[in-house]
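In: structure for the following, please:
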Amino acid sequence: MRRQDLLAESVLMSKPLVLRFLPGFDDSNATRQAPNLPNHAVWSLGHLALTMHRVAEKLDGVPLPGDTFAPGPAGDARRFATESVSFNSEPADTPANYPPLARAVEIFEKACDRLAAAARHATDAVLDAPTPWGATTVPVWTLVLRMSFHNGIHTGQLTDLRRSLGFKRVLS
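Out: Numbering: from 1, shown residues only. This next block holds a predicted model:
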């Protein structure tokens, strides 16, 4: 298997993992916060999508899609605001500032698909290129792999949120 395909598949395999923990959430509770937990469900979907698009941009050179992300602190029914779901942002239980759950899921799924396609079609030179990420510089391919783990970290947060909100268990 080519490295490009392995990276693409790692991202695609993380998609159903995240989605598996969304049953029970709907537009009445998808922005609900729980005491001592960091993020709500819709914020998590937007944050994961934003981060995957940022990595995809390093591979395909295409900026954030304007139909899913808007600059500023508040989104709307169709788009996330980049500032509202970026690293160190503060999730708020303000449904009007986020897309509804179904749209958030659609945005997340498209981000997974875009990143996987960008990884699959990237050249070795693009994958090996050093790129800044946070306080360090890493080869781009490591960021693609990291997104699978990043999706898993936030899946764990969804699991904690489900427990705190009294939802039925997904895994027995």
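
In: my read is that residue 50 contacts residue 85, right?
Out: Yes. With contact defined as Cβ atoms under 8 Å, residue 50 and residue 85 form a contacting pair (5.2 Å). Every residue, glycine included, has its C-beta placed from N, CA and C.

In: what pLDDT does residue 172 get?
Out: Reported pLDDT at residue 172 in the predicted model: 68.

In: and what of residue 87?
Out: For residue 87, the predicted pLDDT is 87.

In: check contacts around it.
Out: 47, 51 (Cβ atoms under 8 Å, 6 or more residues apart in numbering).

In: distance-wise, check it relative to residue 134.
Out: Distance, residue 87 to residue 134, using Cβ to Cβ, to the nearest Å: 8 Å.

In: again with residue 123
Out: 25 Å.

In: neighbour count: those two, which is higher?
Out: residue 123 (10 against 7; other Cβ atoms under 10 Å).

In: burial measure for residue 35, as a count.
Out: Residues near residue 35, counting by other Cβ under 10 Å: 5.

In: leaving out the residues flanking it, which one is nearest to it?
Out: residue 164 (7.1 Å; Cβ to Cβ, 6 or more residues apart in numbering).

In: my guess is the one you found contacts residue 34. True?
Out: Yes. With contact defined as Cβ under 8 Å, residue 164 reaches residue 34; the gap is 3.6 Å.

In: please name the residues that touch the spatially closest residue to residue 60 that is not a sequence neighbour.
Out: Nearest residue to residue 60 in three dimensions, chain neighbours excluded: residue 118, at 4.3 Å (Cβ to Cβ, 6+ apart). For residue 118, the contact set (Cβ under 8 Å, 6+ apart) comprises 56, 59, 60.
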